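> Using only what follows, build the 3D model:
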Amino acid sequence: METTCIMPLAEIEPNPLIADLPKVDLHIHQEWSPRLDRVLARREGRIPYNWRNWVERMVAETPPGIARLRQLATVFPATRDSDAEQENFITRIEDLLEEAAADGAILVEVRFGNEDVLKPDLMTLFREAERRVQARYPRLRAEAVFILILDRFEGERLNHLVKACIQAGDEGLGGIDFLYKPYDTEADWTTAYQIAEQAASAGLGITAHAGEFSTANIAAALRVPGLTRIGHATHAINDPFIFDLLAKSGVTVECSLSCNVILGAVSSYSEHPVQQLVKSGIPIALCTDNPVQVCTTIGREYAVAHALGFSADELLAVTRNAIAVAFTSPQRRNELLDAVAMYD
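Numbers count the residues shown, from 1 in each chain. Model (predicted):
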């Protein structure tokens, strides 16, 4: 599958050994409009939205941090009406999974948002997209996660979403990702604790966005019942107390190297704390986050990590850890670990 844009930074020399490694992406947003635009552009024989130019403009014109994060939700080249068509929905998820599988991914967790969990056929459509990609990439496995942004819903609407998540868990939904606003200052996580306790008791995996642009919310997120992963935590390294909490928690950090650099969570790849996390015994997973918009793939993220000093064996260990903490079934987990064992 073609990649329509690349990141505006020095090219990384391809390494066949790294390219051949099995990979896992535990933190990839569905990017419904950018993905659907790509699908429709192929179908209509036109050029899709140019995200490479968008990234270059954003980096040049927008201050790093929250201001850039907000830019991710400002361009919608495809419409909701188009996405309402079942075939379009399936095909854009198929596009996401195939791009990852072509780069060596054997497991992908796709994050849905808004009120997608209320879609009565969400998991049926998701499994159809997975089935189509498995016809070409048999070893691929995919799971779905719902992002619950807790400043967006309240009262009965929030309760309805939580019940829908638990019901979707019976249909194959893997977990819930908690995200709070304010994102870069401390928030009250009381509601998250209550919901997470219900969700974890129902068998759903729990992760949370925190610490991407400041140390805020990392300690609060680590207290979420059932939490086994945390998205980003990029700034944990800046506070010895927070960093020690993270290290002692055993929680896996979902590291999105390119997205962190482009959005300005860190100033450069060399400044990213990923090596310090690993050296301190903190488990990590490599992830793409918003790959269409920031112009990356899971293969590129592994290549970036290799360029930062991770050996092939260390990257294989990253894949193993990602499988161990994935929101998937025991049977799938064992199948995936067996597939990775072939590379030892």
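> only C-alpha atoms for contact and neighbour calcs from this point on.
Noted.
> For the host helix or strand of residue 40, buried residues please.
Here residue 40 sits within helix 32-44, counting by DSSP states H and E. Taking 16 or more other CA atoms under 10 Å as the neighbour-count basis, helix 32-44 is seen to contain the buried residues 32, 33, 34, 35, 36, 37, 38, 39, 40.
> Just the residues contacting it, thanks.
When contacts are defined by CA atoms under 8 Å, 6 or more residues apart in numbering, helix 32-44 is touched by residues 47-49, 76-80, 83, 88-89, 91-93, 95-96, 292-293.
> ok, of the residues you listed, which come out buried?
Using 16+ other CA under 10 Å as the burial test, those include 48-49, 78, 83, 88-89, 91-93, 95-96, 292-293 as buried.
> hmm, back to that, if you count contacts, what does the helix or strand that the helix holding residue 40 is followed by end up packed against?
Downstream of helix 32-44, the next assigned helix or strand under DSSP H and E is helix 51-61. Contacts defined by 3 or more CA pairs under 8 Å, 6 or more residues apart in numbering; DSSP states H and E place helix 51-61 against helix 66-71, helix 257-263, helix 291-294.
> Helices along the stretch 201-344 of the chain, start to end?
In the stretch 201-344 of the chain, the segments counted as helices under DSSP state H, counting those that start in this stretch are 218-222, 240-249, 257-263, 274-279, 291-294, 298-307, 312-324, 330-341.
> okay, those helices in JSON lines with mean pLDDT and distance to residue 160 next?
Converted to JSON lines, the helices of the stretch 201-344 of the chain look like this (pLDDT from 0 to 100; distance: least, CA to CA, whole Å):
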{"stretch": "helix 218-222", "mean pLDDT": "98", "distance to residue 160": "23"}
{"stretch": "helix 240-249", "mean pLDDT": "98", "distance to residue 160": "31"}
{"stretch": "helix 257-263", "mean pLDDT": "96", "distance to residue 160": "32"}
{"stretch": "helix 274-279", "mean pLDDT": "98", "distance to residue 160": "38"}
{"stretch": "helix 291-294", "mean pLDDT": "97", "distance to residue 160": "30"}
{"stretch": "helix 298-307", "mean pLDDT": "95", "distance to residue 160": "34"}
{"stretch": "helix 312-324", "mean pLDDT": "98", "distance to residue 160": "31"}
{"stretch": "helix 330-341", "mean pLDDT": "97", "distance to residue 160": "29"}
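> And those helices: which comes nearest residue 104?
Closest to residue 104 of these, according to CA to CA: helix 298-307, at 6.9 Å.
> Give the closest residue to residue 105 in space, chain neighbours not counted.
Excluding the flanking residues, the one nearest residue 105 by CA to CA, 6 or more residues apart in numbering is residue 23, at 4.3 Å.
> Could you pull up the residues touching that neighbour?
Counting by CA under 8 Å, 6+ apart, residue 23 touches 103, 104, 105, 106, 107, 298, 299, 302, 316, 319.
> what's the distance between the first one and residue 162?
Just to be clear, that refers to residue 103. Counting by CA to CA, to the nearest Å, the gap from residue 103 to residue 162 is 34 Å.
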